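K.L.:
mind looking at a prediction? Sequence and model below.
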Amino acid sequence: MTIGTFTLSKWRYSPLPSSDRNDTEFKQQSESIVRHRKLRISIILLLPPITFVLLAVFWKTIVGLQPTGDEVKTSCSQPSIRREWRSLSRAEKKNYINAVKCLGRTPSRLTPNGTLYDDFPWAHAQVSGGTHGSAAFYPWHRYFIHVYEKSLKEDCEYNGNLPYWDWTLDWEKITKAPVWDSENGFGGDGNSTGEIVLGHGRCVVDGPFAGQTALFYGTRYDPHCLSRGFGDGINDKGVFSGAGVRPEVVEKIMRQPDYEKFFLAVENGPHSTIPNGVRGDFFSFTAPYDPVFFLHHAQLDRLWWLWQQKLPRERLLAYHGKRAHHSTEKAQLTDALRMFGLAEDKPVSQVMSTHSNLLCYSY
């Protein structure tokens, strides 16, 4: 039988002294033995509650990680659910697309003559050097696409949630994925006979975003049409390889044991595969001009969420690596996620859990 951390079978019975001893000595020793036994029993009985209290304190402060203030708060009780694009009904897809187009008609809060949609690629370009090739890659983009989703809801009355594109389902014919559909998607490749606009891309001429104007390219003001240029740099005939997002590649990434190895494998793998193949606007730090960017990053965020869910006690707050791409400083949970006016800056700790009060979503 076990009580607390002690095993009763290891406690040996102590026999009384032999009856040929002096009665007084015998009595004294007997009383002493009884007192020691009572004390021993009391200690044993106290062990379970003491052990429980100590474990509870340890769990709360070390393992459970229930922080306060600027750290993760996981009290969200009804998280919204993000779904894969092809699982949405036609009406749901239309509602989402209409909300995105609405952002493109709503005046900017950050740039002159721009729209709310322009604000997102502009902010992404401003912070690009600090959020790529560094530990901040995942938390910054998690917060960024959350702010975008929030803007769709608050500024354009969108009543759904941000969808994601699971490209592992399309890797064999990635340019035929549902997201490129001209009616129930975001349009396809750029005009194959048109002039190259930028980043090997040509103007998109089909779908709901054909003719959309983008004000910036990278950090410079450079009005142009939304462009894409499907290709792999070899034949450039409107196709590109999806090998970098095939299921076995993703499965290998998901087996990475620590955060730094995980985010680097994602960033250098699936994250880069899509813009390197789509090109055009997607091939720059103003990549959010391509509306598929947000579905792509929602999928990347989903992979992080799944990786965290595998070992939540160890990974919920697992965060290490370089603070910025060219920095020698180590990343910390207190580091600020800068939004350049797009939203309030937040510490990394507040976006580590998707069930935090700030985010409150799941997949």
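P.N.:
Done, it's in.
K.L.:
please, where are all the strands along the stretch 1-150 of the chain?
P.N.:
2-3, 6-7, 80-81 (DSSP state E, counting those that start in this stretch).
K.L.:
out of these, which gets the lowest mean score?
P.N.:
Lowest mean pLDDT of those: strand 6-7, a mean of 34.
K.L.:
what's the neighbour count on the residue nearest to residue 287 when sequence neighbours are not counted?
P.N.:
Using C-beta to C-beta, 6 or more residues apart in numbering and skipping residues adjacent in sequence, the residue nearest residue 287 is residue 293, 5.0 Å away. Backbone N, C-alpha and C define where each C-beta goes, glycine included. The tally of other residues near residue 293 (other C-beta atoms under 10 Å) stands at 24.
K.L.:
was I right about residue 113 contacting residue 213?
P.N.:
No - applying C-beta atoms under 8 Å as the test, residue 113 and residue 213 come out as separate, 10.7 Å apart.
K.L.:
and the strands in the stretch 151-300 of the chain?
P.N.:
Going by DSSP E, counting those that start in this stretch, the stretch 151-300 of the chain shows strands at 202-203, 213-217, 220-225, 227-228.
K.L.:
by contact count, what packs against the longest one?
P.N.:
Pointing back at strand 220-225 there. Strand 220-225 is packed against strand 213-217, with contacts defined by 3 or more C-beta pairs under 8 Å, 6 or more residues apart in numbering; DSSP states H and E.
K.L.:
give me the sheet partners of the strand it packs on and which way each runs.
P.N.:
Counting by DSSP bridges, the strands paired with strand 213-217 are strand 220-225 (antiparallel).
K.L.:
show me what counts as buried in the partner strand.
P.N.:
Neighbour counts over strand 220-225 (16 or more other C-beta atoms under 10 Å) mark 224-225 as buried.
K.L.:
average pLDDT for it?
P.N.:
96.
K.L.:
which residues are contacting that strand?
P.N.:
197-198, 203-204, 211-217 (C-beta atoms under 8 Å, 6 or more residues apart in numbering).
K.L.:
could I get the full set of helices for the stretch 1-150 of the chain?
P.N.:
In the stretch 1-150 of the chain, the helices defined using DSSP state H, counting those that start in this stretch lie at 23-58, 90-103, 116-131, 137-156.
K.L.:
weakest of those by average pLDDT?
P.N.:
Among the helices of the stretch 1-150 of the chain, helix 23-58 scores lowest, with a mean of 45.
K.L.:
grab the most central residue of this protein for me.
P.N.:
Residue closest to the average C-alpha location in the chain (C-alpha atoms, centre = their mean): residue 301, at 3.9 Å.
K.L.:
so where's the chain uncertain?
P.N.:
Applying pLDDT under 70 to the chain flags residues 1-74, 235.
K.L.:
quick revisit: assess the claim that the residue nearest to the centre of the chain and residue 141 are in contact.
P.N.:
Yes - assessed by C-beta under 8 Å, residue 301 is found in contact with residue 141 at 6.8 Å.
K.L.:
which non-adjacent residue is nearest residue 157?
P.N.:
Using C-beta to C-beta, 6+ apart, the closest residue to residue 157 is residue 99 (7.4 Å).
K.L.:
what count of nearby residues applies to the one you found?
P.N.:
19.
K.L.:
ok, it - contacts?
P.N.:
Contacts of residue 99 by C-beta under 8 Å, 6+ apart are 152, 156-158, 160.
K.L.:
next: residue 300.
P.N.:
138, 141, 266, 270-271.
K.L.:
who's more crowded, residue 113 and residue 213?
P.N.:
The neighbour count for residue 113 versus residue 213, taken as other C-beta under 10 Å, is higher for residue 213 (13 against 10).
K.L.:
please tell me how far the nearest residue to that one once chain neighbours are set aside sits from residue 352.
P.N.:
Spatial nearest neighbour of residue 213, chain neighbours left out: residue 223 (5.9 Å); criterion: C-beta to C-beta, 6+ apart. As judged by C-beta to C-beta, to the nearest Å, residue 223 and residue 352 stand 38 Å apart.
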